[in-house]
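Peer 1: coords please:
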Amino acid sequence: MSYNMRVEDNIIVFEFDHEKVNSINTETLKGLEEAVDRVNNEEELKGIVLTGTGRYFSGGFDLETFTSFQSREEIIEWFKYEEEVLLKLFTCSKPLVAAVNGHATAAGMIVSMASDYRLVRNHPKIKLGMTEIKIGLSLTPAEGEIMRFGLDTDKNYRDIIFKGELIAPEEAYARGIFDELVEKDVDIVERAKEVVKSYIDTPGRPFILLKLLEKQHAADWIRTGIDEFDWELLADIFTNKEILNTLNMVKEALKG
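Peer 2: Sure thing, here's the model as predicted:
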């Protein structure tokens, strides 16, 4: 399995656990979809905590997947599914809290930004951000809007997305990208569970409607973007030989 999923205190703890950098593959996406479906449909469940194993929260999408597509149709089909899962994650009806235990880059950063509250371990060696532009990749409608929503300001978006900047937790907190720094003596998952409970354990659970109102405009934009996007542009990217060579080099470097 590329992830672990358990229920603690009526909260789903979803743990990225795949190879060295906890990369997100199709199996992981299916797991995230299952977690959101359960939380949305099971009354007793209070929310979801996302975290990772080892030194990584998640280093992004699985490069083996990106370099092994057999056709343009397969590329488009995969990303359309990925988009639906990201939209579902972004609009999860109950609290979604990111407990970022280590490095969060690329898709790891995207799922963090999809969350309603973001905690990050306060360690100077942890890197956060998006380096897609440096290896020839763009973003999809859901990815782009989730990042825009989460980064909050034009300045943050330009620095993180256009420059491909990786930053440390203290800077991410100072910029307002993350909500809380968690010191090494604090259990980050337990702290995340406290946040989930504080959001949902109120009379009538008004959080659910408040979140719907907060995210409805962005969610509608994502839906329209998915439906109207020219997916052939994405297929062009993942059939570009120069980009594929770069992705293969990065993939091999990560194995080292």
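
Peer 1: and the residue of the chain positioned farthest from its centre, backbone torsions?
Peer 2: Taking Cα atoms, centre = their mean as the measure, the residue most remote from the mean C-alpha position of the chain is P203, 29.8 Å away. Phi and psi for P203, reported as degrees, to the nearest 10, are phi -60, psi 120.

Peer 1: now W231
Peer 2: The phi and psi torsions at W231 (degrees, to the nearest 10) take the values phi -70, psi -20.

Peer 1: per-residue pLDDT, it?
Peer 2: pLDDT for W231: 98.

Peer 1: From what I see, F16 and A104 are in contact.
Peer 2: No - taking Cβ atoms under 8 Å as the definition, F16 is not a contact partner of A104, at 9.7 Å. For glycine as for every other residue, the C-beta is placed from the backbone atoms N, C-alpha and C.

Peer 1: ok, the two, which is more surrounded?
Peer 2: A104 (34 against 29; other Cβ atoms under 10 Å).

Peer 1: In three-state terms, label that one for me.
Peer 2: Assigned state for A104: strand (three-state reduction, DSSP: H, G, I helix; E, B strand; the rest coil).

Peer 1: gap between it and I126?
Peer 2: Distance, A104 to I126, by Cβ to Cβ, to the nearest Å: 8 Å.

Peer 1: what's the answer for S71, then?
Peer 2: For S71, the distance to I126 - Cβ to Cβ - is 38 Å.

Peer 1: ok, now T51?
Peer 2: When T51 is compared with I126 (using Cβ to Cβ), they lie 13 Å apart.
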